[in-house]
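> below: sequence and its predicted model.
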Amino acid sequence: MSFSDLPIIRVQDATIFQENNAVLNHINFEINKGEFVYLVGRTGSGKSSLLKTLYADLALRIGEITVGDYQIRDIKLKDRPFLRRKIGIVFQDFQLLPDRSVTDNLLFVMKATGWKDKAKMKSRLAEVLMRVGLGAVSTKMPHQLSGGEQQRVVIARALINEPMILIADEPTGNLDPEVSDGIFKLFLEINRSGTAILMATHNHQFLEQYPARILKCEKNKLLDSNVEQFELTGIY
């Protein structure tokens, strides 16, 4: 098997913690190149903690997780920026720098992840903004944008380094239904171009309208629709 055929994410017998409480025990799953996977479960069931563990924001204490060619349990602080070049992270609450324009928000990430060539930075910045339908907002400040536009900026930021996978934690949770649908369709478009997506969501409508593989956090376990059938009740 070539490296390109290996799973992007491989989780083996991992236990996920919130502070000192184990919220998911002995979980196993893989996500392959180009997959679209939902992550569902009640608030407090471990969804966000799992995602944070995948991108090394929370320590992995038990088990093994591999993302790309990085072993999360042993990852060094200096290697985390390189890991996060392979992962695009989309948050519910945007986390844009409020005192900087859209351009400067994206440039901040580029500099933090090793970009140095100004011409290439300018070109890539314009490319990702066009990709998310925001070619005309580069000079605006976050407070001048709607919630949907801010989330598109966050997605553009996540795409900067052409990641293997986008990890999205409730990316439409703060948006009204019409705007949410547009953001979700943008994720589908990104997925169709070959980028894997792992999306935590409470939106039952997405699961019904756009069926895909589902991982469900329930009673300290992680259920996988590729392995077993389960009810989608109780995901709120």
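Yep, that arrived.
> which one's the longest helix in this structure?
helix 177-192 (DSSP state H).
> which secondary structure elements does that helix sit against?
strand 36-41, helix 147-159, strand 165-169, strand 196-200 (3 or more Cβ pairs under 8 Å, 6 or more residues apart in numbering; DSSP states H and E). Backbone N, C-alpha and C define where each C-beta goes, glycine included.
> can you give me the helices in the protein?
Under DSSP H, the chain gives helices at 47-54, 80-86, 102-112, 118-131, 147-159, 177-192, 204-209.
> least reliable of those by average pLDDT, please.
Lowest mean pLDDT of these: helix 80-86, a mean of 86.
> please look at K52 and L60 and confirm they touch.
No. Using Cβ atoms under 8 Å, K52 is not in contact with L60, being 10.2 Å away.
> compare those two (neighbour count), which wins?
L60 (20 against 17; other Cβ atoms under 10 Å).
> isn't the more buried one right up against Y70?
No. In this structure, L60 is not within contact of Y70 by Cβ under 8 Å, at 11.3 Å.
> now A156, nearest residue through space, not along the chain?
Distance criterion Cβ to Cβ, 6 or more residues apart in numbering; nearest residue to A156, sequence neighbours excluded, is V128 at 4.2 Å.
> hmm, that neighbour is touching N161, no?
No. Counting by Cβ under 8 Å, V128 does not reach N161; the two are 9.8 Å apart.
> gap between the residue positioned nearest the centre of the chain and R84?
Most central in the chain under Cα atoms, centre = their mean is I167, positioned 1.2 Å from the mean C-alpha point. I167 sits 10 Å away from R84, going by Cβ to Cβ, to the nearest Å.
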